[in-house]
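Got a predicted structure here, sequence first:
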Amino acid sequence: ALQLLSLMAQRDMELHVITLNAAISACEAGGRWEHAVRLFGMVLQSNLELGATTFNSTISACEKGGEWVNALQLLTAMAECRLELDKITYSAAISACEEGGQWEKALQLFSVLSEGNQELDSNTVGTAINACEKSGEREKALQLFDLMASEKMRSLGSPLVA
């Protein structure tokens, strides 16, 4: 993907945000978070319109590399651009914090997500639980597990949960 972008630049071909997003996603899949961040910088410098896809792909690339600081910086920048921070955004940032051993930051993000209008899913809750478990915060992990169980029961309309 990077070679293709380089070839496009050599031939003075116009770069499009879709092309750069695809390259960022390829870097994410290949575990090359540094290249994804560099490509994100290219999007910024080229004055192309930034969208949630560009941010989410770059945050996910940082997550794969355990680069929680970069992921949180991107999350902040995304909010400053007045783009919607959705479940995908928060889940990737929570995962980055999990990978980086930052359970407190993962829980902060989880709290913001759960207080918003976003529907929680088992993957996001599971990631927050894993972040706590990896850091030896078993009590917090159990609290989140209980929350997940009660949310699941509520979403199923079970009369067992008030």
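Perfect, I can see it now.

what's the host helix or strand of K140 packed up against?
In this assignment (DSSP states H and E), K140 forms part of helix 138-155. Contact here means 3 or more Cβ pairs under 8 Å, 6 or more residues apart in numbering; DSSP states H and E; on that basis helix 138-155 packs against helix 103-115, helix 122-134. For every residue, glycine as well, the C-beta is placed using N, CA and C.

Is it possible to get JSON lines of these that adds distance to E84, mean pLDDT and mean neighbour count?
Output for these, formatted as JSON lines (distance: least, Cβ to Cβ, whole Å; pLDDT from 0 to 100; neighbours: other Cβ atoms under 10 Å):
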{"stretch": "helix 103-115", "distance to E84": "12", "mean pLDDT": "89", "mean neighbour count": "19"}
{"stretch": "helix 122-134", "distance to E84": "16", "mean pLDDT": "85", "mean neighbour count": "20"}
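
Including distance to F145, could the ones you listed go into JSON lines?
Formatted as JSON lines, the helices and strands packed on helix 138-155 follow (distance: least, Cβ to Cβ, whole Å):
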{"stretch": "helix 103-115", "distance to F145": "13"}
{"stretch": "helix 122-134", "distance to F145": "6"}
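
for those helices, which one sits closest to E63?
helix 122-134 (9.7 Å; Cβ to Cβ).

mind checking how far that closest one is from the chain centre?
Distance of helix 122-134 from the chain centroid (Cα atoms, centre = their mean, to the nearest Å) equals 14 Å.

Also stretch 75-93?
8 Å.

Does anything pack onto the host helix or strand of A93? Which helices or strands?
Assigned by DSSP H and E, A93 belongs to helix 87-99. For helix 87-99, the packing partners by 3+ Cβ pairs under 8 Å, 6+ apart come out as helix 52-64, helix 68-80, helix 103-115, helix 122-134.

closest to A92 out of the ones you listed?
Of the helices and strands packed on helix 87-99, the one closest to A92 (Cβ to Cβ) turns out to be helix 52-64, at 4.4 Å.

Buried ones in the closest one, by neighbour count?
Judged by neighbour count using 16 or more other Cβ atoms under 10 Å, the buried positions of helix 52-64 are 53-64.

CSV for those residues, including distance to A131?
Output for the buried residues of helix 52-64, formatted as CSV (distance: Cβ to Cβ, whole Å):
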residue, distance to A131
T53, 25
T54, 25
F55, 21
N56, 19
S57, 22
T58, 21
I59, 16
S60, 16
A61, 19
C62, 15
E63, 12
K64, 15
